[in-house]
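A.B. asks: Got a sequence here, can you build the structure:
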Amino acid sequence: MNPACSRCGRTVYPTEKVNCLDKIWHKGCFSCETCKMTLNMKNYKGFNKTPYCNAHYPKTNFTVVADTIENLRLKKQSLVQSQVHYKEDFEKSKGKAFSAVADTPEMKRFMKTQMQVSDIQYQQKTKSHPSEAHLINPGPSSQGIHPYSALQPVHTAPPEKNPTPEPMPQPVPPPSGKRYRAVYDYNAADDDEVSFLDGDVIIDVHQIDEGWMYGRVERTGMGGMLPANYVEAI
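C.D. replies: Next comes the predicted model:
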């Protein structure tokens, strides 16, 4: 007995029989499910035991994995393994910090300038809020020194009968550079720098670069490099 066609349901005779996708078709009924274009054994694509042409072949999508007990266990195990690897990498990398900034003389000078700017901001704040400066820098009484100890008489050794005459001070050469006045206190950070106090006059000043000068403190006679943003021209 001849079988029926899977498309039209009519009897399929051997001369027009197409056996494909576990079904029997007429040659004319073996066509695309969408556009009805007649197909053959070379150009068809099967999906769910149904023929399609190349243009209308259904695109497969990823299915969502169900949150079964086994899948949740595998997900938790993967997370634990990731944390173990992270901790191992962290322990290996400890103590291997790398410096991102090159330790060059220009960078050292830049860092020092940044510290000076912070120092200027601090001194400006202490000038505008002297009460806060007193809290930051307590007086002698907070260091265990009695405030009235300065009024006690101090016993000094009697002067010698024939003191050695002090040497005559050497004359200071006249200034040859510009004169500046310090507007902030500055403590020298290197041997080639000079310290001064707010209000000191700086003489023989020569510009080195945009941020530094060279000069001599008139009060102490000491000379060296000084930051340009700590002084102002007279």
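A.B. asks: OK, contacts around R216?
C.D. replies: By Cβ atoms under 8 Å, 6 or more residues apart in numbering, the contact set of R216 is P175, V194, I202, I203, D204, M222, G223. For glycine as for every other residue, the C-beta is placed from the backbone atoms N, C-alpha and C.
A.B. asks: Need the distance between the two termini of stretch 41-49.
C.D. replies: One end of stretch 41-49 to the other measures 14 Å (Cα to Cα, to the nearest Å).
A.B. asks: Show me which residues of it are buried.
C.D. replies: Y44 (16 or more other Cβ atoms under 10 Å).
A.B. asks: now stretch 214-224
C.D. replies: Residues Y214, G215, R216, V217, E218, G224 are the ones in stretch 214-224 that count as buried (16+ other Cβ under 10 Å).
A.B. asks: Going by distance to R7, which of the contacts of R216 wins?
C.D. replies: Among the contacts of R216, V194 lies closest to R7 (Cβ to Cβ), at 103.5 Å.
A.B. asks: tell me the SS of the closest residue in space to that closest one that isn't next to it in sequence?
C.D. replies: Nearest residue to V194, sequence neighbours excluded (Cβ to Cβ, 6 or more residues apart in numbering): G224, at 3.3 Å. Three-state call for G224 (DSSP: H, G, I helix; E, B strand; the rest coil): strand.
A.B. asks: What residues does G224 make contact with?
C.D. replies: Residues counted as contacts of G224 (Cβ under 8 Å, 6+ apart) are A188, D192, E193, V194, Y214.
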